[in-house]
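Undergrad: Quick check, what structure comes out for this input:
(2 chains)
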Amino acid sequence: MKKLKNLSRVRIKGLNQERTLSKISKKFKLFNLTRVEKSLSELEVKNNDLKKVKAQFVSEGFEVEVLSSNGITHFFKKFFKNYGVIGAIIISFAFYLFQFGFIWQVKVYGTEKIDSKEVVEYINQNFSKNKRQIKTDNIEISLKENFARISMVSVAIVGQSLVVNVHETIYPVEMEGQFSPIYAEVDCKVTSVELIQGTLAVKAGDIVQKGEVLVHPYIIDAEGQTREVNPQAIIKADVWLIASETHYDSYYKTYRTGESIESSRITLFGLEIYNNSKVCEFETFESETSSQYLSENQALPLIYEKTVYYETKTELVEQAFEEVKTQKIEEAKQKALIYFQEYDIIKSEDINISSGVGFTSVDVVITVERKIGVNYENLHKEN
Amino acid sequence: MFNFFDEIKKTVKNFEPQELTSYNIVNISGKILYVEGHLGLTELGKERITFKVKKGRVTVEGENLCLAELADSTMKIVGDIKKFEVL
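TA: Numbering: from 1, shown residues only, chains lettered A, B, ... in the order given. Purely as a prediction, here's the structure:
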């Protein structure tokens, strides 16, 4: 706060100071007068009065030395005498004004197919960076003419950036080129084909394997030229959903009796600090172990480990196939229907039961009608 | 305009008003001495400051004395003021 006061500290040297101080104090206020030595005193005067006070002391025969000056007025006085700093500020300001007239950055928005670097490079090469010389209309027209994919473009100067907003042309799929054929997604028998576009590779009645081409992505025009097209066709086929279930006349079944023993322990950095293990007395058992941190932030990595032993028993099960025949057929059907898709139409179901030594096998074949054409990408996604 | 010294003077009936016009001194907690009506500084030191008043001289004694403000007729002395006497 003291520095904000507009005061200057002065040292005066001379004899009989009191008389002069009294005389000067009649015109100017003096502050913080202290006697340093017999003929040496220090005092403070207002910056505005400094010159006059100094002159008066000198006229009275005193030596005057200004020790320091504080306050805003002094700061500005000092500042305006500091030509180096003023010069630097003026130069900086001039440079700022000069560079403000130029574009330093080109920002391109809305590009997907067009490389924005290409647009920036084009603008940098063909247009001035001087703001006054830039006509955004010209840039817009030029970009539109030189970039075929640009359908709309707007250019604006924002600060020291040239902002280019691009709206790209969306071509029909046919114009994009690079088409993939339609492939069979499963093994099947083609039942009907309705070609929309492309060249057929199969006909109704053909049996095809998964991944085989159904429709090629090209056509041969009247002049015998091959032209790429996006293949489209509605292809229906019979698809077989196959599953089997095996029944054994006798087998060993292991099950949990419901009895269990639980043991637990707590470890810290791998060292066991608590243990509640119990001796597992089961003859046969299954065990499940789980562990978790006791603290949420794991600052102290206390790990709680729990093991549960379940008693198991194994017994021989003997059962004739006839007793579970319906159940086994249903299970086999359900297995097959896992592959059933939305819009599939069930055409037929075939059940084949075959027996061996000690076992009986149930094979189910469900024939469904399905649209099978998929493009290459989807085929690989499914795989 | 309200004047602190005038208000005090009004409450005292023992003196004629013209007898109370030479100078006023206020000692604030022995740290600040405010003087009104001095007629000039005669001695400035860290342990003693003396100034003239009408019909006399005032001496202030103490330690680390500093004349915080000196104007035409007022002054403010700060420091550890031990005593002041009017001669």
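
Undergrad: Let me see the ranges of the helices in chain B.
TA: B:4-11 (DSSP state H).

Undergrad: quick one, longest strand in it?
TA: strand B:56-70 (DSSP state E).

Undergrad: average model confidence for that one?
TA: For strand B:56-70, the mean per-residue pLDDT is 94.

Undergrad: Just give the strands next to that strand in its sheet, each with its orientation.
TA: The strands beside strand B:56-70 in its sheet (DSSP bridges) come out as strand A:30-37 (antiparallel), strand B:48-53 (antiparallel), strand B:74-86 (antiparallel).

Undergrad: Just name the most buried of those.
TA: Of the strands paired with strand B:56-70, the one with the most neighbours on average (mean count of other CB atoms under 10 Å in any protein chain shown) is strand B:48-53, at a mean of 20. (Glycine included, C-beta is placed from N, CA and C.)

Undergrad: Could you measure from residue B:61 over to chain A?
TA: 14 Å (CB to the nearest CB, to the nearest Å).

Undergrad: wait, isn't that residue in contact with residue B:80?
TA: No. Using CB atoms under 8 Å, residue B:61 is not in contact with residue B:80, being 9.9 Å away.

Undergrad: Quick check on the residue most central in space within chain A: phi, psi?
TA: Residue closest to the mean C-alpha point of chain A, counted by CA atoms, centre = their mean, is residue A:112 at 18.1 Å. In terms of degrees, to the nearest 10, the main-chain angles of residue A:112 are phi -130, psi -60.

Undergrad: Confirm for me that it is in contact with residue A:168.
TA: Yes. Residue A:112 is within contact range of residue A:168, at 6.0 Å (criterion: CB under 8 Å).

Undergrad: give me the residue from the stretch 101-250 of chain A nearest chain B.
TA: residue A:159 (54.9 Å; CB to the nearest CB).

Undergrad: List the contacts of that residue.
TA: The contact partners of residue A:159, by CB atoms under 8 Å, 6 or more residues apart in numbering or on different chains, come to none.

Undergrad: Could I get the phi/psi values of it?
TA: The phi/psi pair for residue A:159 (degrees, to the nearest 10) is phi 60, psi -120.

Undergrad: partner residues bridging the residue nearest to residue A:354 when sequence neighbours are not counted?
TA: Nearest residue to residue A:354, sequence neighbours excluded (CB to CB, 6 or more residues apart in numbering or on different chains): residue A:361, at 5.1 Å. On the basis of DSSP bridges, residue A:361 takes part in beta bridges with residue A:246, residue A:354.

Undergrad: so who does residue A:361 touch?
TA: Contacts of residue A:361 (CB under 8 Å, 6+ apart): A:244-247, A:353-355.

Undergrad: try 10 Å this time
TA: A:244-247, A:321, A:328, A:332, A:352-355 (CB atoms under 10 Å, 6 or more residues apart in numbering or on different chains).

Undergrad: Which of those residues has the largest number of neighbours?
TA: residue A:332 (24 neighbours; other CB atoms under 10 Å in any protein chain shown).

Undergrad: so that one touches residue A:351, yeah?
TA: Yes. Counting by CB atoms under 10 Å, residue A:332 touches residue A:351, with 7.6 Å between them.

Undergrad: any shared contact partners between those two?
TA: With CB under 10 Å, 6+ apart as the test, residue A:332 and residue A:351 both reach A:362-366.

Undergrad: Specify which member of these is nearest to residue A:122.
TA: residue A:366 (61.7 Å; CB to CB).

Undergrad: wait, that closest one sits on residue A:345?
TA: No. With contact defined as CB under 10 Å, residue A:366 and residue A:345 do not form a contacting pair (11.0 Å).

Undergrad: The two: who's more crowded?
TA: The neighbour count for residue A:366 versus residue A:345, taken as other CB under 10 Å, is higher for residue A:366 (22 against 9).

Undergrad: before we move on, back to that, what's the overlap in contacts for residue B:61 and residue B:80?
TA: Common neighbours of residue B:61 and residue B:80 (CB under 10 Å, 6+ apart) are residue B:47.

Undergrad: can you pull the buried residues of the strand or helix carrying residue A:304?
TA: Taking DSSP states H and E as the criterion, residue A:304 maps to strand A:302-318. Using 16 or more other CB atoms under 10 Å in any protein chain shown as the test for burial, strand A:302-318 gives A:302-303, A:307, A:309-311.

Undergrad: same for that strand, what does it pack against?
TA: strand A:250-268, strand A:271-275, strand A:285-293 (3 or more CB pairs under 10 Å, 6 or more residues apart in numbering or on different chains; DSSP states H and E).

Undergrad: same thing but 8 Å
TA: Secondary-structure packing of strand A:302-318 (3 or more CB pairs under 8 Å, 6 or more residues apart in numbering or on different chains; DSSP states H and E): strand A:250-268, strand A:285-293.

Undergrad: strands paired with that strand, and their directions?
TA: Next to strand A:302-318 in the sheet, as set by DSSP bridges, lie strand A:250-268 (antiparallel), strand A:285-293 (antiparallel).

Undergrad: Need the CA coordinates for that strand. PDB is fine.
TA: Below are the C-alpha coordinates for strand A:302-318, written out as PDB (Å, rounded to 0.1, in the frame of the first residue of the first chain):
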ATOM      1  CA  LEU A 302      -6.600 -57.200   1.500                       C
ATOM      2  CA  ILE A 303      -7.900 -60.100  -0.600                       C
ATOM      3  CA  TYR A 304     -10.800 -62.300   0.700                       C
ATOM      4  CA  GLU A 305     -10.700 -65.800  -0.800                       C
ATOM      5  CA  LYS A 306     -13.600 -68.100  -0.400                       C
ATOM      6  CA  THR A 307     -13.700 -71.800  -1.300                       C
ATOM      7  CA  VAL A 308     -16.900 -73.900  -1.300                       C
ATOM      8  CA  TYR A 309     -16.700 -77.700  -1.500                       C
ATOM      9  CA  TYR A 310     -19.900 -79.400  -2.800                       C
ATOM     10  CA  GLU A 311     -20.400 -83.000  -2.100                       C
ATOM     11  CA  THR A 312     -21.100 -85.100  -5.200                       C
ATOM     12  CA  LYS A 313     -22.400 -88.500  -5.800                       C
ATOM     13  CA  THR A 314     -22.200 -90.700  -8.900                       C
ATOM     14  CA  GLU A 315     -24.700 -93.300  -9.700                       C
ATOM     15  CA  LEU A 316     -25.500 -95.600 -12.600                       C
ATOM     16  CA  VAL A 317     -28.700 -94.600 -14.500                       C
ATOM     17  CA  GLU A 318     -30.400 -97.200 -16.600                       C
END
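
Undergrad: If anything else comes up later, I'll come back, but that's it for now.
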